[in-house]
Structures are given as structure tokens and as C-alpha cells.
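S.K.: quick one, fold the following:
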Amino acid sequence: MQLTDYHTYKEIKSQTQAWAQALDVVRASSLPKAGDYDQVIFTGCGSTYYLSLSAAALYQELTGRSARAVPGGELLLNSQTVLTNQKTLLVAISRSGTTTETVKAVEKFKSEKHGDVVVISNYDEVLSRMANANIVIDKGQEESVAQTRSFASMFVAASAFCVRMATRDDLLEAMAGLPEVGNKLMKAYESYAKGIGENLDFDRFYFLGSSFRHGLASEVNLKMKEMTLTHSEPFHFLEFRHGPMSMVNQNAVVVGMLSDANRVHEAKVLSEMKMLGGTVSAIGESDADVCFESNIPESVRGVLYLPILQLMAFYRSVKKGLNPDRPANLTAVVKLDF
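M.R.: Residues are numbered from 1 along each chain as shown. Presented below is the predicted three-dimensional model:
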């Protein structure tokens, strides 16, 4: 098969068009005011729960207001551990807009009158129709089961949502440069991703990131796991020393999503893993194996970590003779009887 015969490859390579649409949609959306709520809860399932982890960290960083992420199933089954009498804004994220746990959690949230709902999705489906504010990025829609273009488009939308809630027009303007940088990164580093992905001597991958990058590390870990059936785990940077580093050897790849503010501490972790025999892949704005060189503020350039690592998983899947479009035992939408 040719690369372009795979939906996943085409979706990864075309994703920057969906990033641009996400920015346009959020700019045009009528959104609530951050000051109207005591807390914000982001929820989703699978990839969109990981997206929620990133979005909650970014929301709190930019607005200074309390935010947390909760899996849709946890919000549905154990809402007493999540919700209080505080006025809450619920941000529900779902590629399909029909994920059972998320839909049922939003229904329960609304019936108990906890607050308002914002939905971020790629399809105008049942979840969108329950929202007070609805952000749909249809250019993020996919044929593949594994989320790549969809996740990235919703991540850009969630980031722009946080920026607007913080009334940071300067950051929203800076985000307009993301698609161009994303295209340049894929052109410059696709062969790098291919080289690591196709090396089957590697049998374990670890993805390190802190702050909003931990949610991204969790997501690219999931791509590696589901598309390639390879042992893969995400960790906060400094937590990796507390046990997991015992797994590092010459067959391990340790990917570090470097920040600006904490780069010294993060780079030290990567250096230590290299001394243990691991192959290290550092990704960041500058002086890294993959360099963004974007001049876009750190808080809103997070999507740039994704394409190269998505391509790494794609090439590994193909090399192993798997079908990246249809990972084993998975479907695009999880629908359950509740």
C-alpha cells in the first residue's frame, strides 16, 4: 500500500487545515464569562479525557480560576466526588458527539442544574444539542478509529477557548501562526519520525510532559499503544525518576516534551535516561531533536508537539504489518447501554 492509501496518514498530514478552522470557530463563538463560575470541569473519554487534562491545566494557568479534568464515566457514575454546590461550567469534549458516558454525564449534570455546558466536537450531534455554547470543527472529522486530526483540532479549539475566557486577545492572535509552523514541522521532521518509528529494536516508549503537556504525553502514548501494540506509558517529567526509570535500557525510547520555564530540570531527566542507555527524543521550541522555532507563546503552541509523534506511531504500525486505520479491538465510537 502507498502512504496515501491510509486514512490515518492523510488525516495527520492535513490536520493544520482543521487547526485553522478551530480558531475561526472559537473566534466567532458566543462564550460565557469566566467570572460567572466558581469552577470549570473538563470531561471526555479516552483521547478527549487526555485533552481535558491539558485544557484544565491551561485554563487555570491563564484565568487563575479553578479547573479540573474528570473522565466522562467518572462524572456519570461518581458525580458526588466531583460536583459540589459551586456554580460550575462543564466543558464536554467528544470527537463524535455521541460517546455514551459523556452524553449521559452531561444529561445528569443538566438535570441536576449544576451550571452551563460548553461542547467541543467534530460533529454536530446529540451532545452539541445539549450545549449552551457549541464549538464544532467539522474539518477534524476522520475515517480512522485512532484520533489524530480530530484530537489536534479539538485541542486547538480548547486552547483558544481558554484564551478567550482569559480575555487574552494577544494570545489568540499569536495562535494564527500555528498552521504554518505545523506544516513546516511535518516537512522537516517526518523522516526523523519514520526513523524512530520503524526501528523495531525499540520495544518500549515513554512520553514525558508536565503542566498541560502531560495530557499531550498521555495522548501520544495512547497513539503508540493502540496503533502499534507497543509497551508505552506517559509520565510527569520528575515522576519518571520515582520507579519507572528502572525500565530504561537500550531498547527504550524516552520522548521529552520540553517546556521553556522548566527546561533545565526536564533536560536533566533526559540526560540521565540517555546515560542509562535509552534513546532520547527531545521536542521543544529550540535546541532539541525536534525544534518548533515558532516564536509563538508557550501556553498556546502545545499542538505543535503532536504531528511528529503521531507520524512516529503511524510508521511503526505500518512497519509491524498492522493497520493504523483500524487498531485491534477498537471502534471509533463507544456506545453503551445505560
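S.K.: for the stretch 1-150 of the chain, give me the ranges with low pLDDT.
M.R.: Along the stretch 1-150 of the chain, no part satisfies pLDDT under 70.
S.K.: now do the strands in it.
M.R.: All strands of the stretch 1-150 of the chain, identified by DSSP state E, counting those that start in this stretch, fall at 39-44, 67-71, 88-94, 115-121, 133-136.
S.K.: can you redo those as JSON lines with distance to residue 269 and mean neighbour count?
M.R.: For every residue, glycine as well, the C-beta is placed using N, CA and C. Converted to JSON lines, these look like this (distance: least, C-beta to C-beta, whole Å; neighbours: other C-beta atoms under 10 Å):
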{"stretch": "strand 39-44", "distance to residue 269": "27", "mean neighbour count": "26"}
{"stretch": "strand 67-71", "distance to residue 269": "24", "mean neighbour count": "22"}
{"stretch": "strand 88-94", "distance to residue 269": "30", "mean neighbour count": "27"}
{"stretch": "strand 115-121", "distance to residue 269": "32", "mean neighbour count": "25"}
{"stretch": "strand 133-136", "distance to residue 269": "36", "mean neighbour count": "21"}
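S.K.: export those strands as CSV, with columns for distance to residue 82.
M.R.: Formatted as CSV, the strands of the stretch 1-150 of the chain follow (distance: least, C-beta to C-beta, whole Å):
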stretch, distance to residue 82
strand 39-44, 7
strand 67-71, 5
strand 88-94, 9
strand 115-121, 12
strand 133-136, 21
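S.K.: so who does the closest residue to residue 119 other than its chain neighbours touch?
M.R.: Nearest non-adjacent residue to residue 119, counting by C-beta to C-beta, 6 or more residues apart in numbering: residue 131, 3.9 Å away. By C-beta atoms under 8 Å, 6 or more residues apart in numbering, residue 131 lies in contact with 92, 117, 118, 119.
S.K.: from those, which two are the most distant?
M.R.: Comparing all pairs in the contacts of residue 131 by C-beta to C-beta, the longest separation belongs to 92 and 118, at 7.3 Å.
S.K.: tally of neighbours for the nearest residue to residue 141 once chain neighbours are set aside?
M.R.: Nearest residue to residue 141, sequence neighbours excluded (C-beta to C-beta, 6+ apart): residue 122, at 5.0 Å. By the criterion of other C-beta atoms under 10 Å, residue 122 has 26 neighbours.
S.K.: go on, the one 3 residues further on?
M.R.: For residue 125, the neighbour count with other C-beta under 10 Å is 18.
S.K.: so where's the stretch 201-338 of the chain uncertain?
M.R.: Ranges of the stretch 201-338 of the chain meeting pLDDT under 70: 332-333, 335.
S.K.: let me know whether residue 305 touches residue 220 as I believe.
M.R.: Yes - using C-beta atoms under 8 Å, residue 305 is in contact with residue 220, at 7.4 Å.
S.K.: which is the succeeding secondary structure element to the lengthiest helix in the chain?
M.R.: Counting residues, the longest helix found in the chain (DSSP state H) is helix 178-197. As assigned by DSSP states H and E, the chain's next helix or strand after helix 178-197 is strand 204-208.
S.K.: quickly run through the sheet partners of that next one, with directions.
M.R.: Here strand 204-208 is paired, per DSSP bridges, with strand 231-235 (parallel), strand 252-257 (parallel).
S.K.: let me know which of the strands of the stretch 1-150 of the chain is the nearest to residue 29.
M.R.: That would be, of those and by C-beta to C-beta, strand 133-136, which comes in at 5.8 Å.
S.K.: and the closest one, how far out from the chain middle?
M.R.: Chain-centre distance of strand 133-136: 18 Å, with C-alpha atoms, centre = their mean, to the nearest Å.
S.K.: so what secondary structure elements neighbour it?
M.R.: helix 15-28, strand 115-121 (3 or more C-beta pairs under 8 Å, 6 or more residues apart in numbering; DSSP states H and E).
S.K.: contacts for stretch 158-171?
M.R.: 22-23, 26-27, 29, 31-34, 42, 51, 54-55, 58-59, 62-63, 91, 93, 118, 120, 135, 172, 175, 297, 299-300, 302-303.
S.K.: buried ones in it?
M.R.: 158, 159, 160, 161, 162, 163, 164, 165, 166, 168, 171 (16 or more other C-beta atoms under 10 Å).
S.K.: alpha carbons of it, as CSV, please.
M.R.: Only the C-alpha atoms of stretch 158-171 are listed here, as CSV (Å, rounded to 0.1, in the frame of the first residue of the first chain):
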residue,chain,number,x,y,z
ALA,A,158,-9.9,24.1,23.7
SER,A,159,-6.7,26.2,23.9
ALA,A,160,-8.5,29.1,22.1
PHE,A,161,-11.5,28.7,24.4
CYS,A,162,-9.2,29.1,27.4
VAL,A,163,-7.5,32.1,25.8
ARG,A,164,-10.9,33.7,25.2
MET,A,165,-12.1,33.0,28.7
ALA,A,166,-9.0,34.7,29.9
THR,A,167,-9.6,37.7,27.5
ARG,A,168,-6.1,37.3,26.1
ASP,A,169,-6.6,38.6,22.5
ASP,A,170,-2.8,38.8,22.1
LEU,A,171,-2.6,35.0,22.5
